[in-house]
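Q: Generate coordinates for the sequence data below:
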Amino acid sequence: MARHMAMDPAGLRNLGNQVVTQGNQFLDEIKSIFNIVSAIETGKEWHGPAKTQFVTTVSGYRPDMENLGRVIINYGNFLIKAANAGAQTEQNIAAAAARL
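A: The predicted structure follows:
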């Protein structure tokens, strides 16, 4: 049974770069959100247990959100590596065929 797999290394590399860019944008947004939470925590406008609970609850999400951003970036890097490996495989096959 013949198998066929088509891959466009340039397209995959481009997609990987887009994913990395979006992952970095996501991390920037997360940083902005937690800067606002920090400003709320140190601000004088809001007092009491509701403020404390809000800051504690939202801050508890920070590690997971930052990890998600890193996972997105890692996935983009994986796509780039896969594109490079695919391109290299094509070059290796072409070189081997030329030696036949």
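Q: Tell me the buried residues in the host helix or strand of A50?
A: Using DSSP states H and E, A50 maps to helix 49-60. Neighbour counts over helix 49-60 (16 or more other CB atoms under 10 Å) mark 55, 58 as buried. From N, CA and C alone the C-beta is placed, and that goes for glycine too.
Q: Same check on stretch 73-91?
A: Of the residues in stretch 73-91, 73, 76, 79-80, 83, 86-87 count as buried by neighbour count, 16+ other CB under 10 Å.
Q: for whichever helix or strand comes after the helix holding A50, packing partners?
A: With elements assigned by DSSP H and E, the helix or strand that comes after helix 49-60 is helix 62-98. Judged by 3 or more CB pairs under 8 Å, 6 or more residues apart in numbering; DSSP states H and E, helix 62-98 is in contact with helix 9-42.
Q: Taking helix 49-60 as reference, get the angle to the helix it packs on.
A: 160 degrees (axes from the mean of the first three to the mean of the last three CA atoms, to 10 degrees).
Q: What residues sit buried inside helix 9-42?
A: 9, 12-13, 16, 19-20, 23, 26-27, 30, 34, 37.
Q: Just give me how far the least confident helix or strand in the chain by mean pLDDT sits from the chain centre.
A: One helix or strand of the chain scores below all others by mean pLDDT, DSSP states H and E: helix 62-98, with a mean of 94. A distance of 12 Å separates the centroid of the chain from that of helix 62-98, by CA atoms, centre = their mean, to the nearest Å.
Q: What of stretch 56-69?
A: Computed by CA atoms, centre = their mean, the chain-centroid distance of stretch 56-69 equals 15 Å.
Q: Fine by me, we can end here.
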